[in-house]
Structures are given as C-alpha cells and as structure tokens.
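Asks: generate a structure from the sequence data that follows.
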Amino acid sequence: MKREKRVVKVGNVFIGGTHPIVVQSMTKTRTSDIRKTVAQIKRLQNVGCEIVRLAVLNRADADALKEIKKNVQIPLVADIHFDYRLALQAIDSGVNKIRINPGNIGEEWKVTEVIKKAKDKGIPIRIGINSGSLPPKILQKYRHPTTEAMMDTLDEILEIFYKNNFLDIVISAKCPDVLKTVEIYETIHNRYDFPLHLGITESGLLFSGSIRSAIGIGILLYKGIGDTIRVSLADKPEKEVIAGYEILKALNLREYGPKLIVCPTCGRCEVDLLKIAREVEKKLTKIKIPLTIAVMGCVVNGPGEAKEADFGIACGKGIGTIFAKGREIKRVKENRLIDTLFEVIYENINN
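Replies: Just a heads-up that it's a prediction; the model follows:
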C-alpha cells in the first residue's frame, strides 16, 4: 500500500502526496553550451519530460542556467557535487530545485549555506545519495556501500536539515544493484515521509538498462513506494523518458500517449510484421492521447487482441483486417495496412 508522502513543489510540478508519479530526465550536453542544452530540453519536453536536471560543473554552467531557463517550459534542477558555491550561484540563476550529494558536498556549514539560500528562494532540495560516492568516514566504518552505510549517510545529513527547520526535501538513494536499491528504498520509505525519487544508477545501455530499471523501479512502485522516477540510460535522454512512461503505463499508474501491443511472431506469421510494427510505432509518436494499438501477425490471437485494443491490425497472408473499438472496419492488402490504420485512427479520434 502506498504511504502518502509530503508534497514538494518544483516549479509548477508537484511531487508526493496523491499527485501522479513524475517522470524526470537529465541533459547530457555541456550545460554551458546553451544552444545545445536548450535544444535537448525541448526534445525532452516533446516526449513528456516533466522535470529536467542539469550538471553544474563550474561557474559557467551555473551562469548559463539563467538563459536556459528563459527558453524552456519545464522546471530545472541543478545537479551539484563538491562545490557548495555552485549551488548558491545556481539558485541565484533561478533554478527550481537543487540536488546535492552528501558524499561530497563537504562540511555542515556548507550544507547550511545551501539550505538557507534555498529556503530564502522557496525551492526544494533533493538529497541524492549514491552508493558510489558515500562519505569517506562512512565507507571507513562499513567498508562497502551497504544499506546501513547509506542510511547512516542519510540520517546524518537530515540532522542538518532539521537544525535549519527545512523539510522541503526529496530523497534518492541509488545503486547499480537492483535488489540493493529496492532494499534501501524500502527502508527509507518506512522511516521517513519525504517524497522519494527512484532510479537504478548506471543501469546500462538502452536494452539492458531499461530492463534493470523496469524491474527495480517497477518493484518499488508496485509496493506503493516512490513519487518521481528517472530511468538512467547510457543513451539519448528522450529514451529515458519514453522508458519511464512505459514502466508507469505497465503498472497502470500513468497514461501518456499510445500503448503498442505487438505479437512476437512465429512460423504462422505471413507478413513482415516487425517492419509494420516499427512503422506504426514511429507514426504513433505524433499522437499524445492514451490509446491501445494492437499489431498482430496471425489468426490465432490476432483478431481477439485487435478487437480488445482501441485500434488494431490482424494480419493474414499478404492481407490484414483493421479493427476499431472492437469492430472490424475493413480488409486491405499488406502495403495499405499502415496508412489505412492511421486513417481510421485519426477519423475516430477527431470525431
């Protein structure tokens, strides 16, 4: 059962409470390259990204945030490591949230300075713990980034926030190991009521990383744990957002754009179904409303699945049947299947 968390406002987006799970990503450009960064954020906006994080490595990055913010519509989060002064500058540049890493941000007074400025500007802070960058004294005590080590790290930095009466907090505690990540988030969820940012850090390339992220994030969301997600992939950030929505759609937690059902094909299939499915998937990116589209390859499950979808194709030998809302609409040749499907889709959704 989902334990309701505090609500944190990031720009015009709410995280926690009964609000929908928020999908995030992170830019992969040099933040100081304003043109490329803005272009990437706009591509992220187009696929439904709701919050975007930017790496702030130096003063040029922090200063660039002012101009970037003028040219995009979604909230910006400054990702800060090592130098607390960059957090202060990023806040002055107008970001909507700060992420700090307790493993490298430094002494208590530095954290306090960031908290004071964030409080003054009315923006939240994410405490972003990562198993690969725990404080040296914690690692010396535990030797490895165990759940206990990560919890000690969190408890210690939270004390600084409590001293400063600052509770506008989001927490993340990421590991590359899926089961360890699940364990640490379950522990945090049961101990605190701060909203949680979920993710499997350094999850990998598109295929393996999406699977590992879906398992880890999916387990936690199914247990009612988590308020915002980022699928961390070694690929284009837009693919992180697409993967994030697929996880949420699979759990019936969010609706965003179409869901495509495709049969895996077998020896019964008598059309080039993969080519058809890929082309349908590409064309569906232009549709933002929630629909279920079925592309099926034979007469075993095809007609039944296509009828249950909002729209669908059930293929035979060189021919296919177009379905809409459970009704057979027409039969057309293979080379007309895709065009006819989308003619039917647009005719129905525009009426």
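Asks: how much space between Val47 and Gly103?
Replies: Here Val47 is placed at a distance of 31 Å from Gly103 (Cβ to Cβ, to the nearest Å). The way it works is simple: take the backbone N, C-alpha and C, and place the C-beta from them, glycine included.
Asks: could you do Glu159 as well?
Replies: Counting by Cβ to Cβ - Glu159 and Gly103 are separated by 16 Å.
Asks: these two: who's more crowded?
Replies: The neighbour count for Glu159 versus Gly103, taken as other Cβ atoms under 10 Å, is higher for Gly103 (22 against 11).
Asks: show me the contacts for that one.
Replies: Contacts for Gly103 (Cβ atoms under 8 Å, 6 or more residues apart in numbering) come out as Ile129, Asn130, Ser133, Leu134, Pro135, Ile138, Thr153.
Asks: and the second one, how close does it get to Asp61?
Replies: Distance, Asn130 to Asp61, using Cβ to Cβ: 20 Å.
Asks: same question for the first one.
Replies: Note on Ile129: its distance to Asp61, by Cβ to Cβ, is 22 Å.
Asks: buried sites along stretch 193-211?
Replies: Neighbour counts over stretch 193-211 (16 or more other Cβ atoms under 10 Å) mark 194-204, 209-210 as buried.
Asks: so for it, mean pLDDT?
Replies: Stretch 193-211 carries an average pLDDT of 94.
Asks: okay, and the helix or strand of the protein with the least pLDDT?
Replies: Lowest mean confidence among the helices and strands of the chain (mean pLDDT, DSSP states H and E): helix 302-308, at a mean of 68.
Asks: partner strands of the next helix or strand after it, with direction?
Replies: The helix or strand immediately downstream of helix 302-308 is strand 311-315, counting by DSSP states H and E. Paired neighbours of strand 311-315 in the sheet (DSSP bridges): strand 292-296 (parallel), strand 319-324 (antiparallel).
Asks: ranking those strands by burial, who's on top?
Replies: Of all the strands paired with strand 311-315, strand 292-296 has the most neighbours on average by mean count of other Cβ atoms under 10 Å, namely a mean of 24.
Asks: average pLDDT across that one?
Replies: 91.
Asks: chain center to it: distance?
Replies: 25 Å (Cα atoms, centre = their mean, to the nearest Å).
Asks: and for it, what's in contact with it?
Replies: Under Cβ under 8 Å, 6+ apart, the answer for strand 292-296 is 258-263, 273, 276-277, 280, 284, 302-303, 305-306, 308-315, 323, 341, 345.
Asks: swap the cut-off to 7 Å and go again
Replies: The contact list for strand 292-296 (Cβ atoms under 7 Å, 6 or more residues apart in numbering) reads 258-263, 273, 276-277, 280, 284, 302, 305-306, 309-315.
Asks: what do you get for stretch 7-27?
Replies: Counting by Cβ under 7 Å, 6+ apart, 4-6, 37, 40-41, 44, 48-54, 75, 96-97, 124, 168, 170, 195, 221, 226-230, 237, 240-241, 244-245, 248, 253-254 sit against stretch 7-27.
Asks: cool, and stretch 169-180?
Replies: 8, 15, 124-131, 147, 150, 154, 161, 181, 184-185, 188, 192, 194-197, 199-203, 212, 215-216.
Asks: now intersect those with the helices, please.
Replies: Using DSSP state H, the subset of these located in helices is Thr147, Met150, Leu154, Phe161, Thr181, Ile184, Tyr185, Ile188, Arg212, Ile215, Gly216.
Asks: residues touching Leu167, list them.
Replies: Leu167 neighbours (Cβ under 7 Å, 6+ apart): Arg6, Phe161.
Asks: what does the pLDDT read for it?
Replies: The model's pLDDT for Leu167 equals 97.
Asks: going forward, count from 49.
Replies: In the new numbering, first residue 49, that becomes Leu215.
Asks: for Leu244, see how far away it is.
Replies: In terms of Cβ to Cβ, Leu215 sits 15 Å off from Leu244.
Asks: over to Val120?
Replies: Distance of Val120 to Leu244, computed by Cβ to Cβ: 25 Å.
Asks: next: Leu202.
Replies: Taking Cβ to Cβ as the measure, Leu202 falls 11 Å from Leu244.
Asks: what about stretch 53-72, how long is it end to end?
Replies: One end of stretch 53-72 sits 18 Å from the other (Cα to Cα, to the nearest Å).
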